[in-house]
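>>> from the sequence below, what's the structure:
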Amino acid sequence: MGNTTSKTRLVDNDNPSPVEVNGTSALATTKILTPADFALISDLRIQAATQAAENGGGPAAKRKLASLSDVKKAA
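Modelled structure (predicted):
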């Protein structure tokens, strides 16, 4: 069977929003994302793919970069 660990949400007394648990931010599940947020996420993905391709990520990194660039052009 797979990993059966449960994720627990922690709340800071000074800040009512959930904090990071198990390396995953709970912010995305508690805040409504706007189109500008999605555009920023897309740009960050392209930047990460560009860095991976430049740092010897191989053909897979180059394909991912091309795919992300195509998606951005279509939008």
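>>> stretch 47-61: end-to-end distance?
One end of stretch 47-61 to the other measures 12 Å (Cα to Cα, to the nearest Å).
>>> what's next to that stretch, contact-wise?
62, 64, 65, 68 (Cβ atoms under 8 Å, 6 or more residues apart in numbering). To be clear about C-beta, it is placed using only N, CA and C from the backbone, and glycine gets the same treatment.
>>> list only buried entries from these.
Applying 16 or more other Cβ atoms under 10 Å to the contacts of stretch 47-61, the neighbour count classes 64, 65, 68 as buried.
>>> so residue 33, which of the three states?
coil (DSSP: H, G, I helix; E, B strand; the rest coil).
>>> how far away is it from residue 41?
In this structure, residue 33 and residue 41 are 8 Å apart, going by Cβ to Cβ, to the nearest Å.
>>> for the protein, which segments count as strands?
Under the criterion DSSP state E, the chain contains no strands.
>>> where does it dip in pLDDT?
Along the chain, segments meeting pLDDT under 70 span 1-29, 75.
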